[in-house]
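> any chance you can model this:
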Amino acid sequence: MFKLFAWLVLLAGPAVVHAQDARWVWLDSLVVQPFSEGLRPVSLRTSYKSPDPIRIKGVAFGRGLGLQSVSILAMEVHGHARRFTAMVGADDLGNKDIPVKFFVLGDGKVLFESGPMRVGDTARAVDVDLRGIGRVGLLVTDDVGGNNNKRTNADWADARFEMEEDHLPERISNDEARYILTPRPGVGPRINSARVFGVGPGHPLLYTIAATGQRPMRFAAEGLPRGLKLDAGTGMITGKIDARGVYSVRLKATNKAGSATMKLRIEVGDTLALTPPMGWNGFNAWGDMIDREKVLASAHAMVEKGLRDHGWVYVNIDDAWQGRRGGPMNALQPNGKFPDFGGMVGEIHSLGLLSGLYSTPYIASYGGYPGASSNAADGGETHASIMMDRRAFNHIGPYRFEKEDAAQMAAWGIDFLKYDWRMDVNSAERMSAALKASGRDVVFSLSNTAPFEHVQDWARVSNMWRTGPDIVDSWTSLYSLAFTIDKWMPYGGRGHWNDPDMMIVGKVSMGPSLLHPTRLTPDEQYSHVSLFCLQSAPLLIGCPVEQLDSFTLNLLTNDEVIAIDQDPLGRPGRLAGREGGVEVWVKPLEDGGVAVGLFNTDHYGETPASYFRWGNEKPADYRLDLARLGLKGRWMVRDVWRQQDLGVSEGSFSTSIRHHGVMLLRLTRAAGR
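Below you'll find the predicted structure:
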């Protein structure tokens, strides 16, 4: 996982140069991370992700930023900036076939536009008057679009601001009211578990009945198949079922306030993940600083904060756990940050949670840790040896260890594997076969940017696959990785899910000193969760669970919203239309109803100004034409976030949608004509 490692850009000087009464602030002297809202990181004083200097038509520049389109730098100057100057152009190491365009915007207006610039064009000078401007946007686009790596390298060379007094450009604040929509669960029992569960014949099963309500609570299960047992105090169902088939179980939860029941369908066969996996992955918060203590802290917090009671069960360790090969299986062993690995997994299971791990078919992972192949017959690479010449290990080695690693994972009790980095079909098939032969059910996740042309292969060999690059906490990233993947939707379904990546809510970043609240606005966070649920996406939060605030916890515990994601029909929603800056997504549900998401995307990406948030955005009034969606007759409309019925609609439904916000509806057929 490269992700935000390359975002760790530190202050470097000189930050300012005084000339008479002018005070110049170099763009590359600032901490760039809070400004960068594009799909990929920026490089300080070098070409994008290269040790080579910034170079435009053979001319080298000692200062500036190297980047790749689409690149968005958004900042607040509060009227204290006088000028912005730079030299711009396509970097000599970039794609010769795709031109790039540079824009400087102030308070929503284009102040500079370069026009198309290709590799080999002379750098253009930028000199923009910023007096009186509150917010500034630096934008680089191309005409191809999409989120693939197009190698459209570009440069803001010699970029600097003339600032008044001691002022500096600042990140755009995200201080909008964090309004809570979902009412708190009542004291009476409510069972929130997925209503269908898949397990392999003769394989260990762990299913925790997720239920809200006053504790203590007692659980019962009528019709439990032979080989399974229920702990009535915890709601944990464990054991094995040898015979293939479909088993119907009636679950019951009881407390002083009453009781609740739910019918569970257990399918014993070859298909796992009959609903999208839900849980936690530590990479977006901790990166390579992950360790045993951080994992267990989030695991225990999933119980203490009640996430488990809403169906969040996976606790997945990402990159940086790997030590070196060894043990009786010559499999990857944990490094010193993870003593007693099996004991840690056992502790996670004792909480009624499931445990996941990370690997790669490459010799080295993104973080430079050993993978499932090697240059040596017995393995032997370590993090230290790999980092001596990082690029030399960026390939699949001649010696493969899928069987050994899968057997070791099964021995530890691993339930989920994320398999990472430029995935090819052969590698996916090899690890898939090894996991199936391990004797344990392991949900198999492929990452990242799985090529679309092989989507049928991904659905055949895995349970979920990444549809794009790594996500970051910006609207641009969310829009590019989630709103643009409708073509993938027909291939998702029971046991095989499209994965737009982990969720960017709560605190995110790449280390304890860089943790920060997500830069998504509250409206964007509601849209984020809504769209993932409409798309039947896996829900894997990436924040430290023990640090969850009340807003984020409320965002993740609306059982009606989660039920849309976990609907047993398993049909991902589709983009039904765009009109007036509003996107409509529609998902069919098992009960014959539909979930509908109305998203105010405000024409994102259609104009240079639409890439930024200027502070004067307005709600969108929208009329939903039910007949155009094929929804004829009378429909009961329910606001899912507020858990309120809005009455019966026939023909149309009208509402107002906040900027980058959503109206998430559940429609069920109403009585009458």
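> assign G343 to helix, strand or coil.
helix (DSSP: H, G, I helix; E, B strand; the rest coil).
> would you mark the buried spots in the host helix or strand of L296?
With secondary structure defined by DSSP states H and E, L296 is part of helix 292-304. Residues of helix 292-304 classed as buried: 292, 294-303 (neighbour count, 16 or more other CB atoms under 10 Å). (Glycine included, C-beta is placed from N, CA and C.)
> and S649, what does it touch?
626, 634-635, 637 (CB atoms under 8 Å, 6 or more residues apart in numbering).
> in three-state terms, label it for me.
Taking three-state DSSP as the rule, one finds S649 in the strand state.
> what of S432?
Applying three-state DSSP: S432 is helix.
> tell me the average confidence for stretch 597-609?
Averaged across stretch 597-609, pLDDT comes to 97.
> what does stretch 494-508 give?
Here the average pLDDT along stretch 494-508 is 96.
> and stretch 414-423, by the same measure?
Mean pLDDT, stretch 414-423: 95.
> got the contact list for it?
Outside stretch 414-423, the residues that touch it by CB under 8 Å, 6+ apart are 1, 206, 277, 279, 281, 314, 316, 318-319, 345, 354-362, 365-366, 409, 427-428, 431, 435, 440-450, 458, 462, 465.
> which ones among those residues are found in helices?
Counted as lying in helices by DSSP state H, out of the contacts of stretch 414-423, are 345, 409, 427-428, 431, 435, 458.
> show me which of those residues is closest to D565.
Distance to D565, by CB to CB, is smallest for W458 among these, at 19.7 Å.
> for the closest one, what are its contacts?
Residues in contact with W458 (CB under 8 Å, 6+ apart) are 423, 428, 446, 450, 465, 491, 496.
> turn the ones in helices among the contacts of stretch 414-423 into a markdown table, including pLDDT and distance to G245.
Compiled in a markdown table, these are given as follows (pLDDT from 0 to 100; distance: CB to CB, whole Å):
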| residue | pLDDT | distance to G245 |
| --- | --- | --- |
| V345 | 98 | 29 |
| M409 | 98 | 27 |
| S427 | 96 | 33 |
| A428 | 97 | 29 |
| M431 | 98 | 28 |
| L435 | 98 | 23 |
| W458 | 97 | 28 |
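> can you count the residues close to Q456?
The tally of other residues near Q456 (other CB atoms under 10 Å) stands at 10.
> leaving out chain neighbours, which residue sits closest to it?
Excluding the flanking residues, the one nearest Q456 by CB to CB, 6 or more residues apart in numbering is Y491, at 6.9 Å.
> which ones among the contacts of S649 map onto strands?
Under the assignment DSSP state E, these contribute 634-635, 637 to strands.
> contact partners for the closest residue to E429 other than its chain neighbours?
Ranked by CB to CB, 6+ apart and with sequence neighbours excluded, the top spatial neighbour of E429 is V461, at 5.3 Å. With contacts defined as CB under 8 Å, 6+ apart, V461 is in contact with 425, 428-429, 432, 444.
> can you check G202 too?
G202 neighbours (CB under 8 Å, 6+ apart): 240-242.
> how many other residues sit next to the nearest residue in space to G106 that is not next to it in sequence?
In this structure, G106 finds its nearest non-sequential neighbour in I133, 3.9 Å apart by CB to CB, 6+ apart. I133 has 21 neighbours, counted by other CB under 10 Å.
> where in the stretch 451-600 of the chain is pLDDT low?
The model of the stretch 451-600 of the chain has pLDDT under 70 over residues 510-513.
> same thing but 90
Residues of the stretch 451-600 of the chain meeting the criterion pLDDT under 90: 509-515.
> show me where it has helices.
455-461, 475-478, 522-534, 550-555, 559-565 (DSSP state H, counting those that start in this stretch).
> C-alpha coordinates for the first one, PDB please?
Taking only C-alpha atoms (Å, rounded to 0.1, in the frame of the first residue of the first chain), the coordinates of helix 455-461 have been written out as PDB:
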ATOM      1  CA  VAL A 455     -13.700  -8.700 -13.700                       C
ATOM      2  CA  GLN A 456     -15.200 -12.100 -14.500                       C
ATOM      3  CA  ASP A 457     -12.000 -13.700 -13.300                       C
ATOM      4  CA  TRP A 458     -12.000 -11.700 -10.100                       C
ATOM      5  CA  ALA A 459     -15.700 -12.800  -9.400                       C
ATOM      6  CA  ARG A 460     -14.700 -16.400 -10.100                       C
ATOM      7  CA  VAL A 461     -11.700 -16.600  -7.700                       C
END
